[in-house]
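# Below are the sequence and a predicted model; questions follow.
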Amino acid sequence: MTNKEIAELFRDVAASYSIKNEAKFRFQIIAYQNAADAIEGLTTQVQDLYKEGRLEQIPGVGPTIKTRLEELLKTGKVKHFEEVTAGIPPAVFVLMQVPSFGPKKAYKLSAHFHLNNADTAIDDIAKLAKKGEIAKLEGFGEKSEKDIIRAITEFKEGKGKTTKMLLPYAHEVSEQILDYLRTNKDVVRAETLGSLRRMKSLVGDIDIAVASNNPKKVIEHFINYPRKDRVIEKGPATSSFLTTGGNQVDLMVQPPEGFGALLQHFTGSKDHNVHLREYALKKGLSLSERGIKNVKTGKMQKFKTEEEFYSAIGMSWIPPEMREDSGEIELAINNKLPKIVELKDIKGDFHIHSSFAIEPSHDLGKNSITEMLKKAELLGYEYLGFSEHNPSISKHTNRQIVDLIKKRNEEIDILKEASNVAIFKLMETDILPSGKLALPDNALEQLDGTIVSIHSVFKMDKNEMTKRVLSGLSHPKAKILAHPTGRLLNERYGYDLDFEQIFQFCKENNKALEINAYPNRLDLTDTLVRLAIEAGVKFTINTDSHASYQMDLMKYGVAVARRGWAIKSNIVNCLNYIEVVKWFKS
DNA sequence: GCCGTTTTCGGCCCGACTGTTTTCAGTCG
């Protein structure tokens, strides 16, 4: 059973509890939802943790859920869960995938219409709604019937939060809306918040906060956005619409003197806010997007800035990328947050594909070495590493391969003279399924070092794949493992690797893991970065640019590093040129 | 059912909006 399947099962259990008796099982519901969230976010399979006897290390898993997990992994089912879900049609859990369908609504409809086939449940409900059968039910009406038809249509089209956006796309959409909002004179400030501000790799919706003394006017302006498909909701302080591209945009408005609390609230994450509010409550303070209320006196204090807001709870300001409730609150209380890396700390980029005709096994870059160097100078870099894919081994003899690399290096040597940016002669070399590198030793000798990576035969057993990667990395010239998980966001999962072994090896042998900044990679992932740092591993943040404009994507890689709590000294390309030269030789 | 810088017992964030309702339930973030 995969983590995702286990998380889904736990959510079904929570839903079943709320259908049967929400009041009675209030805290079990929260407990199972929390455990589901934690399990879904794990970088290790629950199956493996079970084998290693480490189930209790999962946050939100206590003695009871631990025994449930053991039973589940041993026998494939849990007797207690079967009791909890007894009498609830399986259609309920399918319907709940559709936004606006919670446990109550899904159950009412499934039970009343005897929906026995979970596979067709969503279509069945749509048909009943179109026939006007749902409006007849108590608690439903014509409007909610229409809403159901629309919700199902949008769900099938992948609108709303069903399909998540890559970061740069979400940025672009939000910038357009911000520009539009700022044309209104009642908008004092407008900012993007939510997971976009926290720089998560995938963004479900776009959250925007506005400071204004006239919220009504701002919301009127907001819902008249020209690229709007339909308004989802509209109240005095908040509103949402769907863009023509099918993305949900949420707006919240507060007066300027209370904008700090709104920034904090709407940036999230949910877990961060819940923890923060629980902590504040113990001090007699109740937090909300409006400000901080003294529970005893009932007096509300407002905050212009987030810094003042955090300070009033007795802690230092926390960078948005760290707000995931993974220990940042405790550190902020003690004023001990790490000073995480910033874009301006980056002094170069090691993963650059030029258009030099190296006859590679994979794709060539679009811009010349000169053009890439010019861009590096604009970015203020000290150095750049050229790492085209290795010449294809099937189409060349060893001799030809060595000649091609020599030619590229000669070109670099000529261009070096006129460049203010220092150059490293690298290559991105495939690790073959055997674990050997796709370049002969006499070719590798021509290089300052090489990036190694997997580009074929992804489906290997975890142990075999780990052995393959370690074998590739063990060559003395191999210094960086590129896009270590191999995942492509919204496209494919990564290959199976034992990262504990990889981390150990990298630390002992002075190899770096890449944080690939390319938006559909963002690989290593934030959670693995955090674990790797704890294991003492170093990183390089690289753009993997195949064109000069892509070198601007560095900020997304830095965001992953920040989400993984990386500091400057964890990152090789925060070192100066001399130090990097030493590092490649180490 | 989990968890600990008030606690191993007694807590468990806070508020918005919609539709179907005459005061609230359901869903969402």
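In hand now; what should we look at? Numbering: from 1, shown residues only, chains lettered A, B, ... in the order given.
# What segments of the stretch 151-300 of chain A are helices?
A:167-182, A:194-197, A:215-222, A:259-267, A:270-282 (DSSP state H, counting those that start in this stretch).
# who wins for proximity to DNA strand B among those helices?
Closest to DNA strand B of the helices of the stretch 151-300 of chain A, according to Cβ to the nearest atom of the strand: helix A:270-282, at 2.9 Å. C-beta coordinates here come from the backbone N, C-alpha and C atoms, glycine included.
# could you dump the closest one to CSV, C-alpha only?
C-alpha atoms of helix A:270-282 as CSV (Å, rounded to 0.1, in the frame of the first residue of the first chain):
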residue,chain,number,x,y,z
LYS,A,270,-2.8,25.9,7.9
ASP,A,271,-0.7,23.8,10.2
HIS,A,272,1.5,26.7,11.0
ASN,A,273,-1.5,28.9,11.9
VAL,A,274,-3.1,26.2,14.0
HIS,A,275,0.1,25.7,16.0
LEU,A,276,0.7,29.4,16.3
ARG,A,277,-2.9,30.0,17.5
GLU,A,278,-2.7,27.2,20.0
TYR,A,279,0.5,28.6,21.4
ALA,A,280,-0.9,32.2,21.6
LEU,A,281,-4.0,31.0,23.3
LYS,A,282,-2.0,29.6,26.1
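# Mind listing what's buried along that helix?
Going by neighbour count (16 or more other Cβ atoms under 10 Å), the buried part of helix A:270-282 is A:271, A:272, A:273, A:275, A:276, A:277, A:279, A:280.
# will you turn these into CSV that also has pLDDT and distance to DNA strand B?
Formatted as CSV, those follow (pLDDT from 0 to 100; distance: Cβ to the nearest atom of the strand, whole Å):
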residue, pLDDT, distance to DNA strand B
A:271, 92, 9
A:272, 95, 10
A:273, 95, 5
A:275, 93, 8
A:276, 95, 8
A:277, 94, 4
A:279, 93, 7
A:280, 93, 7
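# Just the closest residue of the stretch 351-500 of chain A to DNA strand B, please.
The stretch 351-500 of chain A approaches DNA strand B most closely through residue A:490 (18.5 Å), counting by Cβ to the nearest atom of the strand.
# next one: phi and psi at that residue?
Here is the backbone geometry of residue A:490 (degrees, to the nearest 10): phi 60, psi 10.
# While we're on it, how confident is the model there?
Looking at residue A:490, its pLDDT is 93.
# wait, residue A:174 sits on residue A:197?
No: using Cβ atoms under 8 Å, residue A:174 makes no contact with residue A:197, being 9.6 Å away.
# neighbour-wise, which of the two wins?
Looking at residue A:174 and residue A:197 with other Cβ atoms under 10 Å, you find the greater number of neighbours at residue A:174, namely 24 against 20.
# measure that one to residue A:397 for me?
52 Å (Cβ to Cβ, to the nearest Å).
# Could you count how many residues lie near residue A:385?
Using other Cβ under 10 Å, the number of residues around residue A:385 comes to 28.
# could you list every residue that touches it?
A:348, A:349, A:350, A:351, A:352, A:423, A:424, A:425, A:426, A:448, A:451 (Cβ atoms under 8 Å, 6 or more residues apart in numbering).
# For the residue lying closest to residue A:146 once chain neighbours are set aside, which three-state class applies?
In this structure, residue A:146 finds its nearest non-sequential neighbour in residue A:129, 7.8 Å apart by Cβ to Cβ, 6 or more residues apart in numbering. The three-state assignment at residue A:129 reads helix, by DSSP: H, G, I helix; E, B strand; the rest coil.
# So residue A:129 is in contact with residue A:150, correct?
No: contact criterion Cβ under 8 Å: residue A:129 and residue A:150 do not qualify, at 9.5 Å.
# I'd say residue A:154 and residue A:232 touch.
No: using Cβ under 8 Å as the test, residue A:154 is too far from residue A:232 to be in contact (9.9 Å).
# how about the contacts of residue A:385 in a markdown table, adding neighbour count and secondary structure?
Output for the contacts of residue A:385, formatted as a markdown table (neighbours: other Cβ atoms under 10 Å; DSSP: H, G, I helix; E, B strand; the rest coil):
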| residue | neighbour count | secondary structure |
| --- | --- | --- |
| A:348 | 28 | strand |
| A:349 | 27 | strand |
| A:350 | 29 | strand |
| A:351 | 27 | strand |
| A:352 | 30 | strand |
| A:423 | 22 | strand |
| A:424 | 21 | strand |
| A:425 | 19 | strand |
| A:426 | 23 | coil |
| A:448 | 19 | coil |
| A:451 | 24 | strand |
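# buried set for stretch A:143-151?
So for stretch A:143-151, counting by 16+ other Cβ under 10 Å, buried means A:144, A:145, A:148, A:149, A:151.
# Could you tell me which of these are located in strands?
Cross-referencing the buried residues of stretch A:143-151 against strands under DSSP state E gives no overlap.
# and of those residues, the nearest to DNA strand B?
Among those, residue A:144 lies closest to DNA strand B (Cβ to the nearest atom of the strand), at 3.4 Å.
# mind listing what that closest one touches?
Residue A:144 is in contact with A:134, A:135, counting by Cβ under 8 Å, 6+ apart.
# That one and residue A:232, how far apart?
Applying Cβ to Cβ to residue A:144 and residue A:232 gives a distance of 14 Å.
# if I look at residue A:203, how far off is DNA strand B?
When Cβ to the nearest atom of the strand, to the nearest Å is applied, the distance between residue A:203 and DNA strand B equals 12 Å.
# Can you verify my assumption that that residue contacts residue A:197?
No: between residue A:203 and residue A:197 there is no contact under Cβ under 8 Å: 9.9 Å.
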